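K.L.:
Sequence first, predicted model second:
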Amino acid sequence: MSRTVYVNGEYLPEEDAKISIFDRSFLMADGVYEVTSVLGGKLLDFDGHLARLERSLTELDMEKPEAFGDLLEIHRKLVELNEIDEGLVYLQVSRGSAGDRDFVFPDPEVVKPTLVLFTQSKPGLTQGGAAVQNGIKVISVEDIRWGRRDIKTTQLLYPSMCKMMAKQAGADDVFLVEDGKVTEGSSNNAYIVKDGKIITRHLSNDILHGITRAAVLRFAREAQMEVEERAFTVEEAQNADEAFITSASTFVFPVVEVDGAKLGDGTPGPVAARLREIYLDESLKTAI
Ligand code: PDD
């Protein structure tokens with residue numbers, strides 16, 4: 001069955017959805033995006049994703065799409081039309097198409113942003129499958145991305161290359177490393193646990209300010225767990241009791257191996273398991 005997608009005000013079968021070949025997200029990666037997860041047909045952390053989208057647009061001096069105020073309704077309608085129980089909604093805003101290729105931004109009075117949304121069904125999202133059961137393996141890779149990783153842009157070539165490097169090394173993902181310290185994963189935030197303390201890099205322009213990160217750290221503190229926001233090295237990760245990653249599409253995945261070194265006994269740790277459970281319980285309560 002074909003999906004119904006949303007393009008600039010219209011709900012269309014995916015095969016009829018079109019944007020210009022001059023769209024700046026296609027030519028220049030001049031676009032920003034959000035991924036919101038869906039559980040039980042409801043959106044998790046929607047307000048957080050909307051707030052980050054607004055921030056990404058502001059940082060890039062990009063106009064808000066006309067339908068910005070209707071985004072909750074559009075998300076909900078797509079979830080309903082596509083009968084999504086477990087899955088996600090992908091949203092992308094680009095600076096639009098000036099009908100030609102030009103590095104200079106087009107006049108926002110003339111060229112309006114392109115807004116695209118679509119759903120992906122992911123049965124089994126709550127359970128998390130083998131990644132939650134067995135944990136994931138990561139390799140460390142140099143972080144050569146640009147300096148504004150706090151903006152959620154569609155420049156995803158290097159993260160895609162990282163996933164391929166991980167795959168070729170028989171691993172599942174990477175820990176990106178800059179100046180000897182881990183920044184984050186290719187599409188997730190990275191954490192270690194040492195002597196019961198949860199350690200994750202502090203917020204700056206060097207990492208994406210994960211919406212799941214914010215929620216997980218809040219729940220951890222509410223549960224009286226100790227949290228330290230600072231950068232850590234690969235060696236510290238290898239010697240940690242456990243490690244894990246967070247994102248809207250994984251929630252919390254335990255990491256059991258870093259560059260071939262097993263963490264603890266090489267099985268998923270209790271802190272990651274507990275945080276996944278709390279995150280799912282608490283986020284479902286406020287899902288809309
Ligand atoms: N990725 N860091 C990076 C580089 C990311 O791409 C993501 C999300 C995160 C986690 O952010 P959040 O918790 O708000 O999902 C951190 C999404 C899921 C993706 O690109 O598919």
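P.N.:
Thanks, I have it.
K.L.:
Count residues in the vicinity of Asp281, would you?
P.N.:
Asp281 has 10 neighbours, counted by other CB atoms under 10 Å. The way it works is simple: take the backbone N, C-alpha and C, and place the C-beta from them, glycine included.
K.L.:
before we move on, what about Val227?
P.N.:
Neighbours of Val227 (other CB under 10 Å): 14.
K.L.:
Shouldn't it be within a helix?
P.N.:
No: counting by DSSP: H, G, I helix; E, B strand; the rest coil, Val227 is not found in a helix; it is strand.
K.L.:
distance of the residue nearest to it when sequence neighbours are not counted from Thr246?
P.N.:
Spatial nearest neighbour of Val227, chain neighbours left out: Ile198 (4.9 Å); criterion: CB to CB, 6 or more residues apart in numbering. For Ile198, the distance to Thr246 (CB to CB, to the nearest Å) stands at 11 Å.
K.L.:
of those two, who's got more company?
P.N.:
Thr246 (27 against 22).
K.L.:
coming back round to it: I'd guessed the residue nearest to Val227 sits against Gln224; true?
P.N.:
No: look at Ile198 against Gln224 with CB atoms under 8 Å: they stay out of range, at 11.8 Å.
K.L.:
I'd like to check which residues are in contact with Ser25.
P.N.:
Shown in contact with Ser25 (CB atoms under 8 Å, 6 or more residues apart in numbering): Gly31, Gln92, Ser94, Arg95, Thr114, Thr154.
K.L.:
The residues you listed in helices, which ones?
P.N.:
Taking DSSP state H, every one of the contacts of Ser25 sits outside helices.
K.L.:
how about those residues in TSV, adding neighbour count, distance to the ligand and pLDDT?
P.N.:
Converted to TSV, the contacts of Ser25 look like this (neighbours: other CB atoms under 10 Å; distance: CB to the nearest ligand atom, whole Å; pLDDT from 0 to 100):
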residue	neighbour count	distance to the ligand	pLDDT
Gly31	24	13	98
Gln92	20	11	98
Ser94	25	16	98
Arg95	24	19	98
Thr114	21	19	98
Thr154	17	9	98
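K.L.:
which among these gets closest to Lys167?
P.N.:
Thr154 (21.6 Å; CB to CB).
K.L.:
and the closest one, what are its phi and psi?
P.N.:
When read as degrees, to the nearest 10, the backbone of Thr154 gives phi -90, psi 10.
K.L.:
for it, what are its contacts?
P.N.:
The contact partners of Thr154, taken as CB under 8 Å, 6+ apart, are Ser25, Ala29, Gly31, Val32, Tyr33, Gln92, Ser94.
K.L.:
helix/strand/coil for the residue of the stretch 1-150 of the chain found nearest the ligand?
P.N.:
Closest contact between the stretch 1-150 of the chain and the ligand, by CB to the nearest ligand atom, is at Val35 (4.2 Å). Secondary structure for Val35, judged by three-state DSSP, is strand.
K.L.:
Kind regards, and thank you for your time.
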